[in-house]
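1. The sequence isn't on hand, but the structure is:
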């Protein structure tokens, strides 16, 4: 008896059950590619969707494919918008998504947005449309006021998380917080650190008192230090705390009150805030230092000696964000005390100063790379660097996954040899085989890109500024980096050749940003014509590119893959290059 | 596509025009590009103290600056001159810059170093989106007027001839102006009051301006009496 090809198939319910254990989007996407039936089963039970570029796909497409989705994350503007390189009004409006989801996904529970424009209308629509709404995270968003927050507070009975991380809110008053009804008790996480106005502290105290599951509280600067103990006493189970302003008149009873309140928080693992720190109040936090895993002192203008005293008491620190006031000596102390450190970010206290104002050099980073064996993620602003130091760091820490170095003065060479920093960064990509994210700075030639193309096989995101000599540099990256998803470039002499030669590569990436480079309008048109699944956006504030010769370079260029064609919400200074099909129809 | 055999060059970065051995900062990009678009001259006025000539002298020369003006940092001959800032560099988030700058200036009262960027929102009646400008990028009202004009030039503004500076002290002239269909720039100051742009010396404007709104002339009529009032009170 001849056996038919054996079809090994489970009932759908079983497959669904199996799939329910798999939450990573990438794995889910992989599952959906196995066969048609798995695609169907998977799409009906997908609960979380991540859309890395809100213009890559239309809301209706997402909703049609995943009708049971409960949680959506969207990203809007390109990363360089953080540094004011994307003119206002470029786009990233979330309203069409909210409107579509309000109609079709009444069970939606979570919305997470990054770099998008969200208006009060959208917030009100969210508040009215999703009965079981639980999580709203707005990272680096803008366009809304505290009135919109009031609507959320008043209507979302099951809200667990409200996080406004670094968003720009039109802060009309702190009154919105009082819109949480007395019957509301489900708050778990509240981040209002970006708000300017004072919220009613008595309303906040009452809110915290009736929400037994509070875990994260990030206050804004307006909350005075002497009110902090009362707040903490209402939620001693807090795991993450962001203080408000961290100074007040030095009074012993305020100090002991604060110390006692901190001691009462036995679960506290993460601290942030620390605006306007008065160093004599820092010891109030010493009782909890031994448990701390995350410390964000990036607004704390305190000197190295105070920082050292604090950090030396935090042996379990995994993450530290700090200003360069920490200096090399503080980083030495960090390397000695915090052996579990995974992530370090050092921000510049005076980014526009011409002369160094602190004794922070490449040595501090070398120390940490030596002393912290688990260090994976680095963001470091400094004023000088050497190939030797980069080499040492690379050899010390082959487990790095994120390396972002910003030497403040563009095109700064190796301070010892005056050579470009090509070999130093080359060592980083060669030794750190799992490197996913890299930001370059300093004096760099095409050679560094050759290294990156050769060794950066796991690289997903690359940021380049004031670097390279010719198109060869860009060609190395586009042809060599197999896993490249996001490439952002500014002020580099890259032009048409490499871009056109690697046009197909662009469809394998999420996006490419190029500003103040040498890509001509003609090349953009050509790219737009030949690649219908890319949106080639020319962003130019000098007026229509048609009014200039084809060989004139465009100011800014943003190219991203999409299955929903050119977007319809472009402002006057953005032009999407037409593809062949639309030209033919005319 | 065939690439010429390019010898990878080590050493100082070549290939950038005029950048042979110089490693200094160069302000590049759109802030320097020549533009061909029609410049819309938005009517701005100077306060009577400064309107000595139609193109008034640089407001910085004005000796009677407000007490709020701290002594500007004079260039130290031993230090290199202050370099022009490149937009978006170093890559510090404006959120962080503004928060930090605000904190620093509240700390150091005696030695007030102004924040290095002063972004304010600009809205224009009828435009579907907001823009932002960094007031520190400009030294005078005409420069700001130019920039705003370029920013919003894609909208038909109506007939705007180059008017130079208007003397708002003359009430009837003011009424004529506001009754026309021209656009008028206004701003919200730190007290929350809406003022006509050009009322105060440039530096004071930069310090106190929280946001800009380019209104239709007719709508600004409500402002005019107050602006005139404030001017009257001052003289």
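-> Received the coordinates, thanks. Note that the coordinates shown come from a computational prediction; the quantities given were computed from them, not determined experimentally.
2. where does chain A dip in pLDDT?
-> In the prediction, chain A carries residues with pLDDT under 70 at positions A:1-9, A:580-586.
3. Counting neighbours, what do you get for the residue of it found nearest chain B?
-> Nearest residue of chain A to chain B (C-beta to the nearest C-beta) works out as residue A:89 at 3.1 Å. Quick note: C-beta positions are derived from backbone N, CA and C, even for glycine. If you count neighbours by other C-beta atoms under 10 Å in any protein chain shown, residue A:89 ends up with 21.
4. Which residue, neighbours along the chain excluded, lies closest to residue A:97?
-> residue A:59 (4.7 Å; C-beta to C-beta, 6 or more residues apart in numbering or on different chains).
5. shouldn't the one you found be in contact with residue A:96?
-> Yes. Residue A:59 is within contact range of residue A:96, at 5.8 Å (criterion: C-beta atoms under 8 Å).
6. what about these two, which has more around it?
-> residue A:59 (22 against 16).
7. Which of the three states applies to residue A:538?
-> Three-state call for residue A:538 (DSSP: H, G, I helix; E, B strand; the rest coil): strand.
8. isn't it right next to residue A:577, touching?
-> Yes. Contact between residue A:538 and residue A:577 holds when scored by C-beta under 8 Å: they sit 6.8 Å apart.
9. what's the overlap in contacts for these two?
-> residue A:524 (C-beta atoms under 8 Å, 6 or more residues apart in numbering or on different chains).
10. residues from the stretch 201-350 of chain A in reach of chain B?
-> A:221, A:275, A:276, A:298, A:299, A:301, A:347, A:348, A:349 (C-beta under 8 Å from any C-beta of the partner chain).
11. quick one: the fifth one is in a helix?
-> No. Checked against three-state DSSP, residue A:299 lies outside a helix; its state is coil.
12. Check the gap between it and residue A:347 for me.
-> For residue A:299, the distance to residue A:347 equals 9 Å [C-beta to C-beta, to the nearest Å].
13. that older thread, would you check how far apart the residue nearest to residue A:97 and residue A:272 are?
-> Applying C-beta to C-beta to residue A:59 and residue A:272 gives a distance of 34 Å.
14. again, but for residue B:124
-> Applying C-beta to C-beta to residue B:124 and residue A:272 gives a distance of 38 Å.
15. Repeat that for residue A:537.
-> For residue A:537 relative to residue A:272 (C-beta to C-beta), the value is 36 Å.
16. so what's residue A:415 closest to, chain neighbours aside?
-> residue A:384 (4.3 Å).
17. can you check residue A:143 too?
-> Using C-beta to C-beta, 6+ apart, the closest residue to residue A:143 is residue A:117 (4.1 Å).
18. ditto for residue A:505
-> residue A:478 (4.8 Å).
19. Mind giving me the packing neighbours of the helix or strand where residue A:463 lies?
-> Element membership of residue A:463, judged by DSSP states H and E, is strand A:461-465. Packed against strand A:461-465 by the contact rule (3 or more C-beta pairs under 8 Å, 6 or more residues apart in numbering or on different chains; DSSP states H and E) you find strand A:437-439, strand A:486-490.
20. Past it, which element shows up next along the chain?
-> helix A:471-480.
21. Any buried residues in that next one, and which?
-> By neighbour count with 16 or more other C-beta atoms under 10 Å in any protein chain shown, helix A:471-480 contains the buried residues A:471, A:472, A:473, A:474, A:475, A:476, A:477, A:478, A:480.
22. what about stretch A:531-549, how long is it end to end?
-> Length of stretch A:531-549, first residue to last, C-alpha to C-alpha, to the nearest Å: 22 Å.
23. lowest-confidence helix or strand of chain B?
-> strand B:165-166 (a mean of 33; mean pLDDT, DSSP states H and E).
24. where exactly do the strands run in the stretch 51-200 of chain A?
-> A:71-75, A:110-114, A:135-139, A:142-145, A:161-163, A:168-170, A:189-191 (DSSP state E, counting those that start in this stretch).
25. Give me the contact list for the host helix or strand of residue A:428.
-> Secondary structure assignment for residue A:428, by DSSP H and E: helix A:422-431. For helix A:422-431, contacts defined as C-beta under 8 Å, 6+ apart pick out A:385-391, A:393-395, A:398, A:400, A:403, A:414, A:435, A:438, A:440, A:444-445, A:447-448, A:451-452, A:454-456, A:459, B:10.
26. count of residues packed around the closest residue in space to residue A:259 that isn't next to it in sequence?
-> Nearest residue to residue A:259, sequence neighbours excluded (C-beta to C-beta, 6+ apart): residue A:284, at 4.3 Å. The local packing of residue A:284 (other C-beta under 10 Å) involves 22 other residues.
27. what's the answer for residue A:560, then?
-> 21.
28. Would you check that it makes contact with residue A:56?
-> Yes. With contact defined as C-beta under 8 Å, residue A:560 counts as touching residue A:56 (6.4 Å).
29. For residue A:220, list the residues it contacts.
-> By C-beta under 8 Å, 6+ apart, the residues touching residue A:220 are A:192, A:193, A:194, A:195, A:196, A:199, A:244.
30. Test my guess that the third one contacts residue A:149.
-> No. Here residue A:194 does not reach residue A:149: they are 11.5 Å apart, not a contact under C-beta under 8 Å.
31. When these two are compared, which one has more neighbours?
-> Taking other C-beta under 10 Å, residue A:194 and residue A:149 do not tie; residue A:149 has more neighbours (26 against 20).
32. Now do the helices in the stretch 51-200 of chain A.
-> Under the criterion DSSP state H, counting those that start in this stretch, the stretch 51-200 of chain A contains helices at A:59-65, A:95-104, A:120-129, A:146-155.
33. What residues of the third one count as buried?
-> By neighbour count on 16+ other C-beta under 10 Å, the buried set for helix A:120-129 is A:120, A:122, A:123, A:124, A:125, A:126, A:127, A:129.
34. Spit out the contact partners of the first one.
-> Think residue A:120. So residue A:120 contacts A:144, A:145, A:147, A:148, A:151 (C-beta under 8 Å, 6+ apart).
35. For the fourth one, grab the count of nearby residues.
-> Residue A:148 sits with 24 neighbouring residues when counted by other C-beta under 10 Å.
36. wait, doesn't it sit right on residue A:136?
-> No. Applying C-beta under 8 Å, one finds residue A:148 not in contact with residue A:136, separated by 10.3 Å.
37. what bits of chain B have low per-residue confidence?
-> Looking at chain B by pLDDT under 70, you get B:1-84, B:98-117, B:128-129, B:152-182, B:217-218, B:220-235.
38. change it to 90
-> Counting by pLDDT under 90, chain B shows low-confidence ranges at B:1-87, B:93-235.
39. quick check: angle from whichever strand or helix holds residue A:513 to helix A:471-480?
-> According to DSSP H and E, residue A:513 maps onto strand A:511-515. Strand A:511-515 runs at 170 degrees relative to helix A:471-480, counting by axes from the mean of the first three to the mean of the last three C-alpha atoms, to 10 degrees.
40. Paired strands for strand A:511-515, with orientation please.
-> Take DSSP bridges as the rule and strand A:511-515 pairs in its sheet with strand A:486-490 (parallel), strand A:556-561 (antiparallel).
41. Contacts for it next, please.
-> In contact with strand A:511-515 (C-beta under 8 Å, 6+ apart) are residues A:53, A:78-80, A:85, A:485-492, A:494, A:506, A:539, A:555-561, B:29.
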